[in-house]
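S.K.: Just a sequence and a predicted model for now, questions to come.
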Amino acid sequence: MLPPAELAACFDDGRIFCCDGKAERDALLRLAVGAHDAATLQGIGPRTAVFIYNAARGRLNGVFAGKRGRTPGPALHGAAHTFELKLGQALNALSLRAAEAACFRSGSST
């Protein structure tokens, strides 16, 4: 497990996806994040730190990275969102302070 400072150096920007309990479970089981428009998911790649935040429980999951060459595609039938993007395996677990450093260093968030 990399120390937060070293892990943060692996990324150029980051995104935090807020969700409820059901969406959190779905995202973690499927290793995918969703949105109602494809533009929200554009630009997420291997150097993008991705976090899944369950606002109701105050739980931060991550850090995940986008996959090289992946583009947003249609979500599964019955999903709460229209588009989704597959993620890579979790790289590490970070504290919220380290997540903020990784995600907001370039001012990018969702």
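M.R.: Nice, thanks for sending it over. Numbers count the residues shown, from 1 in each chain.

S.K.: could you pull out the strands for this protein?
M.R.: Assignment of strands within the chain using DSSP state E yields the ranges 13-19, 32-35, 48-54, 59-65, 73-74, 83-86.

S.K.: now the ones you listed as JSON lines including distance to residue 5?
M.R.: Using the backbone N, CA and C atoms, a C-beta is placed for each residue, glycine as well. Output for the strands of the chain, formatted as JSON lines (distance: least, CB to CB, whole Å):
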{"stretch": "strand 13-19", "distance to residue 5": "15"}
{"stretch": "strand 32-35", "distance to residue 5": "25"}
{"stretch": "strand 48-54", "distance to residue 5": "13"}
{"stretch": "strand 59-65", "distance to residue 5": "13"}
{"stretch": "strand 73-74", "distance to residue 5": "34"}
{"stretch": "strand 83-86", "distance to residue 5": "27"}
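
S.K.: per-stretch mean pLDDT over these, give me the minimum one.
M.R.: Lowest mean pLDDT of these: strand 73-74, a mean of 67.

S.K.: worst-scoring helix or strand of this protein, pLDDT-wise?
M.R.: Lowest on mean pLDDT, DSSP states H and E among the helices and strands of the chain sits helix 96-104, with a mean of 53.
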